[in-house]
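> just a sequence and a predicted model for now, questions to come.
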Amino acid sequence: MFFTPKNNTWRWLIILTAFAALVLILWNTYTFFQTFKNEERLKMEIWAAASQTLNKADLNDTDLGLPLQILNTNNTIPIIQTTDRDSIINMVNVDEQISKNPQKAMVFLKKLQSQNAPIVIKFDHTTQYLYYGNSSLLMKLKYYPGALVLIFLFFSAMIFSFYRASKMATQNRLWAGMAKETAHQIGTPLSSLLGWVEIMRLDNVNEETVVEIEKDVNRLQTIAERFSKIGSEPVLENCDVVQETQKAFEYLRSRVSKQINFSFTAPSYPLIIPMNPILHSWTIENLIKNAIDAMKGKGSIDICIDDNEKGIRIQVKDSGKGMAKKEFKRIFEPGYTTKKRGWGLGLSLTKRIVESYHNGTIKVTQSELGKGTTFCIVFKK
């Protein structure tokens, strides 16, 4: 509903309008800057003419009020008068620390020379040059377009973030709805399969075969329950981490290649914490399947559960291809995968289950190319 073709057209129209408004404001600012700069130069030319008039006037002439008034009205523009050899004659509106230090004065002169072209003042026997800088108002106006562009980029980034978040929220709702519908559709044939399992028992079919079929049917039920919980807050119950982890471990161990060596180490006593057993088993299975893929179906997988003061730690170690350190965090991003096949959702989903639902942490603690990787989950007691 948010991203129909009509809405996309309006979105691009708004973006183009905002961009056009920005260009127009920048152009008007530039035009105003040039106009103000020209007015300042005209003001300096009048100031130079007044200085020239005052220099040529007779000392007894009483009609000097206007030139003196023009010279005294400049309180913002810094001025340096020099000879044709850059020897400083006079400084106006220049900081006292600069005017009293010849070296600083020369540096400041070069700065004024770079800002504006000089105004030539001709006297009877000499020629002077008036160098002037930009006023404080003009300097502020100079940096105004840059500030405006930064503000525009800031708001553009905010709008883009909002748009991306809205799009992701819509996609998440869509995926959650599809997952729940999938779980609902699986439920009907599952009920039928359970009935057939009971019929097989009544017909005295080999019990071992029936038990294995029942395990797989129960497995399908578990998968359906997992999908039904996507997008909703799971119910937590006090469970034994050791027992729930071992269940997932044993299920996969009996159904994967015999070329994989499994080991499971855990305390001999129960470790009770609030968790959702169905989602926890999904976490363990994702990590084990990820390890199997990394080893290409051949190697060793070690699961170790530790109980210490900081919390309950579950380590899953494999002897696979390993990864570079820069990938330690990226592998948990949705869509990131190093496999030719896959959606890149397994580890991102695992991270969400551990951190959002069980208030734990998960990370890659160690990995070396060609030697394997160790994932670590920590639950608070």
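Arrived safely, thanks for sending.
> so where's the protein uncertain?
For the chain, the stretches with pLDDT under 70 are 1-8, 57-64, 170-181, 183-184, 188, 230-232, 335-336, 338-344.
> how's it carved up into domains?
The chain is divided into the following domains under automatic domain parsing: 5-134, 234-379.
> tell me which of these sits most buried.
Among the domains of the chain, the stretch with the highest mean neighbour count (mean count of other Cβ atoms under 10 Å) is domain 234-379, at a mean of 17. All C-beta atoms are positioned from the backbone trio N, CA, C, and that covers glycine.
> what's the longest helix along the chain packed up against?
As assigned by DSSP state H, the longest helix anywhere in the chain is helix 136-202. Helices and strands touching helix 136-202, by 3 or more Cβ pairs under 8 Å, 6 or more residues apart in numbering; DSSP states H and E, are helix 5-56, helix 207-229.
> and the angle for the first one with helix 136-202?
By that I understand helix 5-56. Here helix 5-56 points in a direction 160 degrees away from that of helix 136-202 (axes from the mean of the first three to the mean of the last three Cα atoms, to 10 degrees).
> name the helices or strands packed onto helix 5-56?
Packing partners of helix 5-56 (3+ Cβ pairs under 8 Å, 6+ apart): helix 65-73, strand 79-82, strand 119-122, strand 127-132, helix 136-202.
> what pairs with the second one, parallel or antiparallel?
For strand 79-82, the paired strands and their directions (DSSP bridges) read strand 88-92 (antiparallel), strand 127-132 (antiparallel).
> between the ones you listed, which one is nearest to Leu71?
Closest to Leu71 of the strands paired with strand 79-82 is strand 88-92 (Cβ to Cβ; 8.3 Å).
> how close does the residue lying closest to Val197 once chain neighbours are set aside sit to Glu207?
Computed as Cβ to Cβ, 6 or more residues apart in numbering, the closest residue to Val197 that is not its neighbour in sequence is Glu214, at 5.2 Å. For Glu214, the distance to Glu207 (Cβ to Cβ, to the nearest Å) stands at 10 Å.
> so which of those two has more stuff around it?
Glu214 (16 against 10; other Cβ atoms under 10 Å).
> before we move on, back to that, would you turn the strands paired with strand 79-82 into a markdown table with distance to Ile80?
Shown next, in a markdown table, are those (distance: least, Cβ to Cβ, whole Å):
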| stretch | distance to Ile80 |
| --- | --- |
| strand 88-92 | 5 |
| strand 127-132 | 5 |
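> relative to Pro189, which of these is closest?
strand 127-132 (88.4 Å).
> reformat the domains of the chain as JSON lines; add distance to Ser192.
Listed next are the domains of the chain as JSON lines, based on distance: least, Cβ to Cβ, whole Å:
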{"stretch": "domain 5-134", "distance to Ser192": "43"}
{"stretch": "domain 234-379", "distance to Ser192": "22"}
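> how about those, which one is nearest Pro145?
Nearest of those to Pro145, taken as Cβ to Cβ: domain 5-134 at 5.1 Å.
> gap between that closest one and the chain center?
44 Å (Cα atoms, centre = their mean, to the nearest Å).
> again, but for stretch 126-137
Distance, centroid of stretch 126-137 to centroid of chain: 48 Å (Cα atoms, centre = their mean).
> many thanks, I have nothing further to ask.
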